[in-house]
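> Sequence and predicted structure are below.
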Amino acid sequence: MGNPIQFPAIKPSARSFTPGTYPSTDFESLDGTKTHIRFGNRSVNATLSLSFSNISDGSVVAILVNYNDVNSDWDHVTFDELHGLQGIEDGILKIQVTSGLSSGLKWRYTGPPTVTSTFNGLSNVSCSFVACLDAPI
């Protein structure tokens with residue numbers, strides 16, 4: 001199921017969050033009758049993107065090490081107000097970003113971070129995450 005690994009203490013320049021959806025499907029019969037079936041009581045596949053502008057090479061390395069640590073053993077990333085969620089006020093948005101995580105959803109990288117060098121010793125980095133629900137073993 002993986003262990004939690006905290007995201008580095010680096011403040012993002014921008015953040016994008018999309019709440020998840022409930023797993024479901026629609027069935028349509030030949031006569032046009034539709035049935036909607038929901039397969040759970042938790043939303044899944046929420047996405048979170050973090051962008052960092054003009055951060056030091058040391059901060060870039062911290063993000064890349066975090067990515068490698070998380071993906072080496074199917075671990076997951078945790079965030080808090082000092083680690084990736086700086087700038088989100090306590091309230092509904094923070095609850096939305098962290099909700100469901102106590103019920104089994106875990107943030108995982110969707111792919112490797114993208115690093116773009118901007119100036120000597122400075123880079124822009126973007127990271128994307130998806131909230132996954134692990135099945136019990």
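In hand now; what should we look at? Numbers count the residues shown, from 1 in each chain.
> secondary structure class for Leu93?
helix (DSSP: H, G, I helix; E, B strand; the rest coil).
> quick one, what contacts it?
Phe17 (Cβ atoms under 8 Å, 6 or more residues apart in numbering). Backbone N, C-alpha and C define where each C-beta goes, glycine included.
> Likewise for Asp26?
By Cβ under 8 Å, 6+ apart, the contact list for Asp26 reads Lys34, Thr35, His36, Ile37.
> redo that, cut-off 7 Å
For Asp26, the contacting residues are Lys34, His36, by Cβ atoms under 7 Å, 6 or more residues apart in numbering.
> does it sit in a helix or strand, and which one?
strand 24-28 (DSSP states H and E).
> A helix includes Leu64, no?
Yes. Remark: Leu64 belongs to a helix, assigned using three-state DSSP.
> what ranges do the helices span in this structure?
With helices called from DSSP state H, the chain shows them at 57-72, 92-98.
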